[in-house]
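Undergrad: give me a 3D structure for the following:
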Amino acid sequence: MANCIRCGRQLPPFSFKRVCQWCVRHEAAQRGEDDDRQPVISQPWVRRGESSITLTQILFGACIAVYVAMAIASGSPTNIPGDIRHHFGANFGPDTLSGQWWQLVTYMCLHGGVWHIVFNMWWLTDLGALAERQLRSFWFLLLVLAIAITSNGAQYWAHGSAFGGMSGVVYGLAGYVWIRGKLDRGSGLYLDSQNIVYLLVWLVVCFTGMVGPVANIAHLVGLLSGMSCGWITAQFRSRKPDQ
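TA: Model (predicted):
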């Protein structure tokens, strides 16, 4: 994972730039080219007094542990059958509606194949770290739960089949970072255009059916949920008086 050569901050995934957007804006403000005030602190992502173990790391570890357990139970890491995923907590509508409500959340830790979990963990590591550093762990947890429940519920309402994966949450985090960073430039959040295009193109490709069965509604609703949360929090921040 590449880091900014100015401040050491982690750069977004698939980024070929060497300087983070926070440093670019800060330097522009110092030259008088940008009217938006940037907080002048040496490490804008550091929160003193917080645990070194983040919620993003816990989610990452949970997904890996569950995937390994399912691969052992099924005897294959590349093709995990539906009954195994169901046993480990995939969202299955009749069970969820009959009282197993935790499936609305546990489903996001389940992945059916190697590429599925690699793709999701890659994005979770970067996007989760960005959002959690800015929100702190408690509010980040609420954001993840809100995205997971809305995207999961929409997928069930549309198709009703058993499914799992972190993709809806990943799209939601991307939407949050994108919109919050765009509307609240002092937040320190930024998602560059090449990553936005990549995610949107992949969303469209999945809807075509070219890559097989995918929880497309979860992806779309997750993205919209994250964008909505980003817009709401940016509006709330803009109404707070300057300290």
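
Undergrad: drop to CA atoms for contacts and neighbour counts, all remaining ones
TA: OK.

Undergrad: what does H111 show for phi and psi?
TA: In terms of degrees, to the nearest 10, the main-chain angles of H111 are phi -140, psi 140.

Undergrad: next, the contact list for it, please.
TA: 63, 67, 117, 164-166 (CA atoms under 8 Å, 6 or more residues apart in numbering).

Undergrad: one more time with 6 Å, if that's ok
TA: For H111, the contacting residues are 117, 165, by CA atoms under 6 Å, 6 or more residues apart in numbering.

Undergrad: pull out the buried positions in stretch 155-173.
TA: The neighbour-count check on stretch 155-173 (16 or more other CA atoms under 10 Å) flags 155-156, 162-173 as buried.

Undergrad: same question, stretch 122-136
TA: Buried, per 16+ other CA under 10 Å, within stretch 122-136: 123-134, 136.

Undergrad: off-centre distance for it?
TA: Centroid separation for stretch 122-136 versus its chain: 7 Å, with CA atoms, centre = their mean, to the nearest Å.

Undergrad: pLDDT of that stretch, averaged?
TA: The pLDDT scores in stretch 122-136 average 90.

Undergrad: need the helix or strand of the chain with the lowest average pLDDT.
TA: Least confident helix or strand, the chain: helix 93-97 with a mean of 65, by mean pLDDT, DSSP states H and E.

Undergrad: what's the next secondary structure element after that helix?
TA: Moving toward the C-terminus from helix 93-97, the next helix or strand (DSSP states H and E) is helix 103-106.

Undergrad: and that following helix, average pLDDT?
TA: Per-residue pLDDT over helix 103-106 has a mean of 78.

Undergrad: following element in sequence after that helix, please.
TA: helix 114-123.

Undergrad: tell me the predicted confidence for the closest residue to I80 other than its chain neighbours.
TA: Nearest residue to I80, sequence neighbours excluded (CA to CA, 6 or more residues apart in numbering): G112, at 5.2 Å. G112 carries a pLDDT value of 77.

Undergrad: quick one, phi/psi of G112?
TA: Taking degrees, to the nearest 10 as the convention, G112 sits at phi -90, psi 0.

Undergrad: run a quick neighbour tally on it.
TA: Neighbour count of G112, defined by other CA atoms under 10 Å: 21.

Undergrad: for D83, see how far away it is.
TA: 11 Å (CA to CA, to the nearest Å).

Undergrad: among the buried residues of stretch 155-173, which lie within helices?
TA: Members of these lying in helices (criterion: DSSP state H): 155-156, 167-173.

Undergrad: who touches stretch 186-203?
TA: Against stretch 186-203 from outside (CA under 6 Å, 6+ apart): 22, 38, 177-178, 181.

Undergrad: now stretch 150-157: average pLDDT?
TA: Average pLDDT, stretch 150-157: 84.
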